[in-house]
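# predicted model and sequence follow; I will ask about them next.
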Amino acid sequence: MNKPVEAQNLATVDLWVGGRRQSASSTRFGDVTNPATGAVTRKVPFCNAADIDAAVKGTAAALPGWRDTPPLRRARVMQKYLQLLQANQKELARLISEEHGKTLPDATGSVQRGIEVVEFACGIPHLLKGEHSENVGTGVDCHTVRQPIGVCAGVTPFNFPVMVPLWMFPVAIACGNTFVLKPSEKVPSASMRMAELFKEAGLPDGVLNVVHGDKEAVDAILAHPGIHAVSFVGSTPIARHIYETCAKNGKRVQALGGAKNHAVVLPDADLEFAADALIGAGYGSAGERCMAISAVVAVGAAADPLVKLLKQKAEAIIVGPGDKEGVDMGPLVTAQHRDKVSGYIDQGVKEGAKLVVDGRGQKVPGYENGFFLGTTLFDHVTPGMKVYQDEIFGPVLVVLRADSLEDAIALVNRSPYANGTAIFTESGGAARRFENEIQVGMVGVNVPIPVPVAFYSFGGWKNSLFGDLHMHGMEGVKFYTRTKAITSRWPHQDTPAPGLNMPTLG
Ligand code: NAD
């Protein structure tokens, strides 16, 4: 990291500012790697405060024109963008797989989930409609309008290079705002392509901008007086920092954090079905999903047969480069992250958890420098262990045992994280109780990864989200607009003029 770019003779990722590719003024750069080969493929500039200021000034200049563009015309740009994203879905998936490491089918699915937010944003004329009440007082009407906030910014994590940015900027832009996106420095290329395609769809220059960097760039965004709202998705400590700093600086903020998602499996569940679902949810994308199931709570007699099934299925997973057909699970994003996850496996063994499947030392022939780790399964994990408490963000699934549904619910509710959870059961009564009592933002019933569709909202509770409003759906529209309530009277000879007392209108 941070070596002079000239020394490496590699292509540098540009910024997207003012509707065109530009270079940063910063002289700091980071490495972008291909996790399957371990090779550094590109350099990414780490923007400084001057780079951020230039992007914000440009996008602020584009704001009046875009804000005053009728929502129907904005929706037409969205419709064209939708078509272009669909037409370029494969290319975007390839960019994701190349920089993140996940398999191409998995990457394609994540692009599709992002595209669905653009589809939602195409309905913006309807979504922005306000309320109207006639005669709130004699001859007095009241109506509300939703107006854009201004310049918005988004800071996104490495694990969904397309989907998470698409949770943010299409809704913000459809609402009439302009946007500065700072994607993860580990996966910068897909955002550049998405910005290019938006221009091709007819988006005016300056409405969407892409800057790159690390803490320096993010802190410049948080401090910039020209930015009115910040959307963040990433780990919990950074989400807290973003939330607190934005609040102090008077910015609207939504900051989604990390997760430790539990799946509760009751003895009456179809265990074969549950095990398949848990394997997909635990090891898909190498466990690098904020909605990954990382803790299984096996209730009563479900535990032994479930662990047996999980072991068989975890051992059958094929690990390899994400772009190779037949591969189930790709590498982790960086060597440093792979080593961190591997360190958690060492720690779990030391803490006394039973190591059922050990993913350490995974070799992939021909890809000896890739950041691979195999699947790991721990049984007899207890709440005091670090492998349970921490978000590991890798292919490590831990099984805890509970005596009853009540104990399982209490265990899940004690976790400081509360992004997603799932229950596997054949009992409607047990599922209903779980839905009602569980203190988690997104709940699945026999659905392991309950990521809401685009016209619902995405967000967790507790340390998984700081702020009031979730991403996309109507919550997204609310986040990116301010409500204005207008009370009007058209006086004529019969209505007395208002006096000095508090108006009651009636
Ligand atoms: P991260 O918190 O390290 O980075 C996220 C973003 O913050 C990046 O753009 C990064 O450049 C920036 N950043 C990093 N350190 C910073 C600092 N000190 N100050 C300011 N900005 C900083 O997260 P990550 O490793 O990229 O992504 C994985 C994390 O994201 C996991 O914890 C995962 O659970 C979480 N995540 C959450 C959701 C959700 O919806 N809740 C979705 C996806 C990922």
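Nice, I can see it.

# and Gly30, what element?
Using DSSP states H and E, Gly30 sits within strand 29-33.

# would you agree Ala195 is in contact with Val17?
No - Ala195 is not in contact with Val17 according to Cβ atoms under 8 Å; the separation is 9.5 Å. All C-beta spots, glycine's among them, are computed from the backbone N, C-alpha and C.

# so for the two, which residues contact both of them?
Counting by Cβ atoms under 8 Å, 6 or more residues apart in numbering, the contacts common to Ala195 and Val17 are 209-210.

# what strand or helix carries the residue lying closest to Phe479 once chain neighbours are set aside?
In space, and not counting its chain neighbours, Phe479 is closest to Leu469: 4.4 Å by Cβ to Cβ, 6 or more residues apart in numbering. When elements are assigned from DSSP H and E, Leu469 belongs to no helix and no strand.

# separation between Leu469 and Thr481?
11 Å (Cβ to Cβ, to the nearest Å).

# out of the two, which sits in the busier spot?
When Leu469 and Thr481 are compared for neighbours, Thr481 comes out ahead with 22 against 19, by other Cβ atoms under 10 Å.

# contact partners for that one?
Neighbouring residues of Thr481 by Cβ under 8 Å, 6+ apart: 128, 146-149, 175-176.

# phi, psi of Met192?
Dihedral pair for Met192: phi -60, psi -40, per degrees, to the nearest 10.

# tell me the pLDDT of it.
At Met192, the predicted lDDT confidence score is 98.

# how deep is it tucked in, by neighbour count?
Neighbour tally, Met192, other Cβ under 10 Å: 19.

# can you check Ala50 too?
Neighbours of Ala50 using other Cβ under 10 Å come to 12.

# do His492 as well
Residues near His492, counting by other Cβ under 10 Å: 7.

# now name the helix or strand holding it.
Using DSSP H and E, His492 falls within no helix or strand.

# so the residue minimising distance to the centre of the chain, which of the three states?
Centre of the chain computed as the mean C-alpha position; nearest residue by Cα atoms, centre = their mean is Val164, 4.1 Å away. Following DSSP: H, G, I helix; E, B strand; the rest coil, Val164 is assigned to helix.

# next up, the contacts around it.
Residues near Val164 by Cβ under 8 Å, 6+ apart: 114, 156-157, 233.

# now the closest residue to Leu355 other than its chain neighbours: how far from the ligand?
Of all residues not flanking Leu355 in the chain, Val349 sits nearest, at 5.5 Å (Cβ to Cβ, 6+ apart). Distance of Val349 to the ligand, given as Cβ to the nearest ligand atom, to the nearest Å: 24 Å.

# for Ala274, what are its contacts?
Ala274 touches 263, 265, 306, 424, 446, counting by Cβ under 8 Å, 6+ apart.

# A strand includes it, no?
No - with three-state DSSP as the criterion, Ala274 is located in helix rather than a strand.

# any regions of the stretch 401-506 of the chain where pLDDT drops low?
For the stretch 401-506 of the chain, the stretches flagged by pLDDT under 70 are 493-496, 505-506.

# what's the burial count for Asn209?
Burial of Asn209 is recorded as 28 neighbouring residues (other Cβ under 10 Å).

# so it, which of the three states?
Per three-state DSSP, the secondary structure class of Asn209 is strand.

# okay, it: pLDDT?
98.

# list the contacts for it?
Residues in contact with Asn209 (Cβ under 8 Å, 6+ apart) are 15-18, 55, 58-59, 178-181, 195.

# what does Ile409 give?
Ile409 touches 264, 433-434, 437-438, counting by Cβ under 8 Å, 6+ apart.

# rewinding a little: tell me, which of the contacts of Val164 make contact with the ligand?
Applying Cβ under 6 Å from any ligand atom, the subset of these adjacent to the ligand comprises 156-157, 233.

# in JSON lines: those, plus pLDDT.
Shown next, in JSON lines, are the ones next to the ligand among the contacts of Val164 (pLDDT from 0 to 100):
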{"residue": "Thr156", "pLDDT": "99"}
{"residue": "Pro157", "pLDDT": "98"}
{"residue": "Val233", "pLDDT": "98"}
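
# neighbour-wise, which one of the residues you listed leads?
That'd be Val233 among these, by other Cβ under 10 Å, with 29 neighbours.

# report the separation between that one and Leu271.
34 Å.

# could you do Arg42 as well?
Counting by Cβ to Cβ, the separation of Arg42 from Leu271 is 45 Å.

# can you list the residues of the stretch 301-450 of the chain near the ligand?
Contact residues, the stretch 301-450 of the chain versus the ligand (Cβ under 6 Å from any ligand atom): 391, 393, 419.

# ok, those vs Val77, which is closest?
The closest of these to Val77 turns out to be Asn419 (Cβ to Cβ; 32.3 Å).

# so what's the residue in the stretch 51-200 of the chain that the ligand sits nearest to up against?
Proximity to the ligand, evaluated over the stretch 51-200 of the chain using Cβ to the nearest ligand atom, is greatest for Pro157 at 3.0 Å. Pro157 is in contact with 164, 184, 233-235, 290, counting by Cβ under 8 Å, 6+ apart.
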